[in-house]
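**Student:** Output the structure for:
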Amino acid sequence: MTGIRQTGRYARALGASLLLAAGCSDAAGPERQSPVVRVVYLVPANRGEDLSYATGMANAMRHLQRWYFDALATGGTFTLTDPVVSVHRSSHTADWYATTPNGDPVRAFFNNVADDGLAIVGGRANDPATVWVFFVDADHACGQAGAAGTSGIAVFTASYLRRFVGRATAAACVDDPIASCPAVGAVGHELGHAFGLHHPAACEAGTAGCPTNALLWLGYTTYPQAALTTEDKTALGASAFFRMTSPSPAAFGCSNLLAPAIGAGLGRAFALATPLPAPAC
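**Tutor:** Purely as a prediction, here's the structure:
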């Protein structure tokens with residue numbers, strides 16, 4: 001899948017993995033925030049909000065929360081907010097994200113979504129209290145990374161939203177997941193990068209012993225039949241983000257993320273940040 005090397009403006013700073021593991025060191029006293037994963041649905045100015053997308057992304061994140069819990073087998077996973085998804089209107093139209101130059105052309109879509117999303121929510125990269133996950137209802141261009149994670153941020157193009165709800169994808173040049181479960185797995189892959197995980201060294205080097213079923217390699221294509229490496233488990237076990245001990249009560253399927261029973265007893269799927277204005281013409 002298309003990804004982003006950790007270089008450029010959103011490269012992980014030296015020692016940032018330790019920062020993520022250390023918890024909210026920049027917040028003082030007993031009121032410091034418990035680290036969370038915050039999911040944002042960005043609605044471009046010329047698009048209407050699609051609340052089935054919001055439900056699909058919420059349930060995809062719940063599925064991953066449970067998957068990480070089971071894969072780690074240490075009694076911890078990441079924490080999601082309640083509601084899981086916050087819906088925000090952007091001032092930019094859908095084509096802006098792919099057509100506006102912003103650094104390396106391969107990273108332009110990621111940079112634009114991250115810049116816009118962080119400005120809207122008042123967030124920042126490498127935040128020890130928050131990993132930001134931005135889904136935007138806009139398509140990336142051929143040759144751009146439409147799904148990527150680094151520096152406490154993960155970004156996903158509109159093809160993921162369509163796959164979550166079982167709709168056809170757009171242009172053939174787009175690096176699309178082919179079904180709902182691999183799409184969820186790809187989100188888990190990039191989320192892993194946002195947490196500070198890396199591709200397995202043997203796989204990157206092309207040497208013997210490459211764990212091809214690792215989520216951070218090709219395991220996302222067979223998700224949920226995927227695995228975390230020993231290195232992944234060690235890193236996540238030391239992370240303050242992995243302290244949640246009560247994820248969704250039982251695993252559920254990833255092939256139909258709109259099934260009515262999925263959200264039962266799991267809290268709210270989404271909330272509009274403010275009443276959204278009508279889309280621009």
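
**Student:** Look up how far A145 lies from the closest residue to L215 other than its chain neighbours.
**Tutor:** Residue nearest to L215 in three dimensions, not counting chain neighbours: A226, with 4.4 Å by Cβ to Cβ, 6 or more residues apart in numbering. To be clear about C-beta, it is placed using only N, CA and C from the backbone, and glycine gets the same treatment. Relative to A145, A226 is positioned 21 Å away (Cβ to Cβ, to the nearest Å).

**Student:** N111 and G103 touch, don't they?
**Tutor:** Yes - judged on Cβ atoms under 8 Å, N111 makes contact with G103 at a distance of 5.3 Å.

**Student:** Which one's more surrounded, those two?
**Tutor:** Between N111 and G103, counted using other Cβ atoms under 10 Å, N111 has the larger neighbour count: 24 against 15.

**Student:** on contacts alone, who are the packing partners of the helix or strand containing that one?
**Tutor:** According to DSSP states H and E, N111 maps onto helix 108-121. For helix 108-121, the packing partners by 3 or more Cβ pairs under 8 Å, 6 or more residues apart in numbering; DSSP states H and E come out as strand 36-43, strand 80-89, helix 96-99, strand 130-136, strand 153-156.

**Student:** and the first one, what does it pack onto?
**Tutor:** With contacts defined as 3+ Cβ pairs under 8 Å, 6+ apart, strand 36-43 has these neighbours: helix 51-72, strand 80-89, helix 108-121, strand 130-136.

**Student:** Out of the ones you listed, the one nearest Y97 is which?
**Tutor:** Closest approach to Y97 among the helices and strands packed on strand 36-43 (Cβ to Cβ): helix 108-121, 4.6 Å.

**Student:** Give the buried residues for the closest one.
**Tutor:** If you call a residue buried by 16 or more other Cβ atoms under 10 Å, then helix 108-121 has these buried ones: 108-118, 120-121.

**Student:** That helix - what's its average pLDDT?
**Tutor:** For helix 108-121, the mean pLDDT works out to 97.

**Student:** ditto for stretch 153-160
**Tutor:** 95.

**Student:** Next, format the buried residues of helix 108-121 as a markdown table and append distance to A194.
**Tutor:** Converted to a markdown table, the buried residues of helix 108-121 look like this (distance: Cβ to Cβ, whole Å):
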| residue | distance to A194 |
| --- | --- |
| A108 | 19 |
| F109 | 16 |
| F110 | 12 |
| N111 | 15 |
| N112 | 17 |
| V113 | 13 |
| A114 | 11 |
| D115 | 16 |
| D116 | 17 |
| G117 | 13 |
| L118 | 13 |
| I120 | 18 |
| V121 | 15 |
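
**Student:** and of those, the nearest to H88?
**Tutor:** Using Cβ to Cβ, the buried residues of helix 108-121 come closest to H88 at I120, 5.1 Å.

**Student:** check contacts around the nearest residue to that closest one once chain neighbours are set aside.
**Tutor:** Sequence neighbours aside, H88 is the residue nearest to I120 in space, at 5.1 Å (criterion: Cβ to Cβ, 6+ apart). Applying Cβ atoms under 8 Å, 6 or more residues apart in numbering, we find H88 in contact with 40-43, 117, 120-121, 273.
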